[in-house]
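quick one, what's the 3D model for this:
(chains A and B)
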Amino acid sequence: MSNNEDTSFDEEFLKTLVDFAKSTGLEEVLWEKDGRKVSFRRNANGTSSAPVPSAPKEKNGSAPAPSAESSTVRRIPSPMVGTFWRAEARGRQPLVAEGATVKEGQRIAVVEAMKIPKDVVTKVSGKISKILVENGKSVEYGQDLFEIEI
Amino acid sequence: MFKKILIANRGEIAVRVIRACREMGIATVAVHSDVDRDSLHVRLADESVCIGPGTASESYLSIPAIISAAEITGADGIHPGYGFLSENAHFAEVCESCGIKFIGPSADSLRKMGDKVEARRIMENYGVPVLPGTFGSVDINDPKLFKTAKKIGYPLIVKAKAGGGGKGMRVVHEESLLKETIAMAQAEAKAAFANGDVYMERFLESPRHVEIQILADAHDNVVSFPERDCSVQRRHQKLLEESPSPAIDDGLRKKIGKAARKAARAVKYRTVGTIEFLYDEKKKDFYFMEMNTRIQVEHPVTEMVTGIDLIQAQIKTAAGEKIGFDTDDIQIRGHVIECRINAEDPSRNFMPCPGKITNVIMPGGPWVRVDTHIYSGYTVPTFYDSLLAKIIVMSPDRETAIRRMDRALSEMWIEGIKTTGPFHRELLANDVFRRGDAHTDFIERHMATVI
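The predicted structure is shown next:
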């Protein structure tokens, strides 16, 4: 209960809090005890969990969230509910990789429902900074698939 | 029994189906368009999947989107609700080919009853009374024309084979006007539907719309329920329904019920459906009009008056279970009335009024049931139908049921948008309605001044 203990910076504890926030999808955490306060806000990636939430249902982050986007990052949502494929056909190479430069109108992935494919087309030119969904995973209509730095 | 049902619908019926599944221990998947993200059915289901934008054709009517959602959630059954894909034979077939059970009748039943002229023909063959009429197109130069028309009887109505919505429809009161009326109807039909084929049918001046709920299982059992009288309509849209009908006695009830069960058997029907009849009160004749091969909006009327859960029965029969009771076991427990409350402004020709519902208080009390998806803060979207809520009441007799409904409607408080609630109270106060004399022309004839 010495003063030192009260004011020391507990990295372990902070890491636990951050991990806790990530795993539960919480965007903002305010922790307070005995005068010690920790608060932070996650840079919400807008990544939604798979469209089968079993835990307490939250609004998943599939809707484009303008407030969380910075001025240089744009997200490309899914045009359809279905399965997300990075290549245009099985066995082919992915259409784009992380870090790739893309032009507006370029096809960057395919979403398939009942054998009907729909092109995922980027509306902006820039660099693929993040691919938000794993190849072959299910996606909802409007779920964010790519992050593009313009 | 199903493990997981996907509800391919929205609004109050999606809520209804989710409730039935909950009570049966079946997991539920709600699908929704992005504008329906905050809808009640999404909140109540165990899982939800966003399947498209607001436009129905790209979401609730999109077969690939719905099947895709069923596949990714592992649903083994799809409940289509009413409207949307509920009577789409192709959708039923696609479900089957994907190994998902369509909770409804077979694609074949859907197809047969979806063609109105074909349905008439089938019913005629099975001895179900149909309106006298022709089964093919009318030839204005046919030497037998007048004989045929006389057999049908005047007044008769000339109708477009390819259409509906009041176009290409003309009533003929006397023989001397027959040929010219047919010519006019043909021209109108050609202009509206690119098909000038018309047929003739007896015209009932102001019939009652009486319908019979049926339930059928896969073991050849068919039961019919006490009738619903849905005569209070505006432009062929039902506003209020009641059971039993003020115009039907026990004897007639048995007769119509028998005809309805015959109709269901004629197409080897499964699960729930409704046979609609037109009832000529003067002549005490009833005629098959059409069959609705889905659960209907007004199903709570029958649930209240008989105490039988129709949605659970629908799911059970779809899963292959036996009905478990006979038509004779079904009791009429009182008198039930249902009012459909829409987001419409009666003073502006029932113009739809979407918008935000800032506050809502629904009625309650004894034998008052409310089926709704609205809540305080909910925004009614512009893309879909205007039904907000169904208020259903039961009472020992018709007079006290009317009083109870009026009491319930007086408690209902929906703030932020215009609704047809006040209009229904005017309807209940109308003498013709209170006497039990409302026929299908009731709104036009007796409520025009109120609007």
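
and stretch B:173-193, which residues are buried?
B:L178, B:T181, B:I182, B:A185, B:Q186, B:E188, B:A189, B:K190, B:A192, B:F193 (16 or more other CB atoms under 10 Å in any protein chain shown). C-beta here means a position set from N, CA and C on the backbone, and glycine is covered the same way.

restrict those residues to those that also contact chain A, please.
Among the buried residues of stretch B:173-193, no residue lies close to chain A (CB under 8 Å from any CB of the partner chain).

in CSV, list these along with pLDDT and secondary structure.
Formatted as CSV, the buried residues of stretch B:173-193 follow (pLDDT from 0 to 100; DSSP: H, G, I helix; E, B strand; the rest coil):
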residue, pLDDT, secondary structure
B:L178, 96, helix
B:T181, 94, helix
B:I182, 94, helix
B:A185, 91, helix
B:Q186, 91, helix
B:E188, 89, helix
B:A189, 85, helix
B:K190, 88, helix
B:A192, 80, helix
B:F193, 76, helix
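
ok, so of these, who is nearest chain A?
B:F193 (30.9 Å; CB to the nearest CB).

report the distance from stretch B:177-190 to the chain centre.
From the chain centre to the centre of stretch B:177-190 is a distance of 31 Å (CA atoms, centre = their mean, to the nearest Å).

who touches it?
B:138, B:140, B:145-146, B:149, B:158-163, B:167-172, B:195-198 (CB atoms under 8 Å, 6 or more residues apart in numbering or on different chains).

which of those are buried?
Judged by 16+ other CB under 10 Å, buried ones among these: B:138, B:145, B:149, B:158-163, B:168-170, B:172, B:196-198.

ok, those vs B:H424, which is closest?
Closest to B:H424 out of these is B:M169 (28.7 Å), distances taken as CB to CB.

sticking with the residue of the stretch 151-300 of chain B found nearest chain A, tell me its helix or strand.
Going by CB to the nearest CB, chain A is nearest to B:R294 of the stretch 151-300 of chain B, at 22.9 Å. Using DSSP states H and E, B:R294 is not contained in any helix or strand.

next, count neighbours for it.
24 (other CB atoms under 10 Å in any protein chain shown).

which residues does it contact?
Here B:R294 is in contact with B:P80, B:G81, B:Y82, B:S86, B:E87, B:G104, B:V272, B:G273 (CB under 8 Å, 6+ apart).

just those residues now: which is nearest chain A?
Closest to chain A, out of all of these and judged by CB to the nearest CB, is B:P80, at 16.7 Å.

what's around residue 90, how many residues?
Reading this off chain A. 7.

sorry, I should have been clearer: chain B.
Neighbours around B:H90, by other CB under 10 Å: 12.

can you spell out which helices and strands pack onto the host helix or strand of it?
Following DSSP H and E, one finds B:H90 within helix B:89-97. In terms of contacts (3 or more CB pairs under 8 Å, 6 or more residues apart in numbering or on different chains; DSSP states H and E), helix B:89-97 is packed against helix B:63-73, strand B:101-102, helix B:107-114.

deepest-packed of those, please.
helix B:63-73 (a mean of 24; mean count of other CB atoms under 10 Å in any protein chain shown).

so for the closest residue to B:P246 other than its chain neighbours, what's the pLDDT?
In space, and not counting its chain neighbours, B:P246 is closest to B:G436: 3.0 Å by CB to CB, 6 or more residues apart in numbering or on different chains. With respect to pLDDT, B:G436 scores 97.

may I ask which helix or strand of the chain has the lowest mean pLDDT?
Since no chain was named, I'll use chain A. Scoring the helices and strands of chain A by mean pLDDT, DSSP states H and E places helix A:3-7 at the bottom, with a mean of 46.

not what I meant, chain B
Bottom-ranked secondary element of chain B by mean pLDDT, DSSP H and E: helix B:116-125, a mean of 86.
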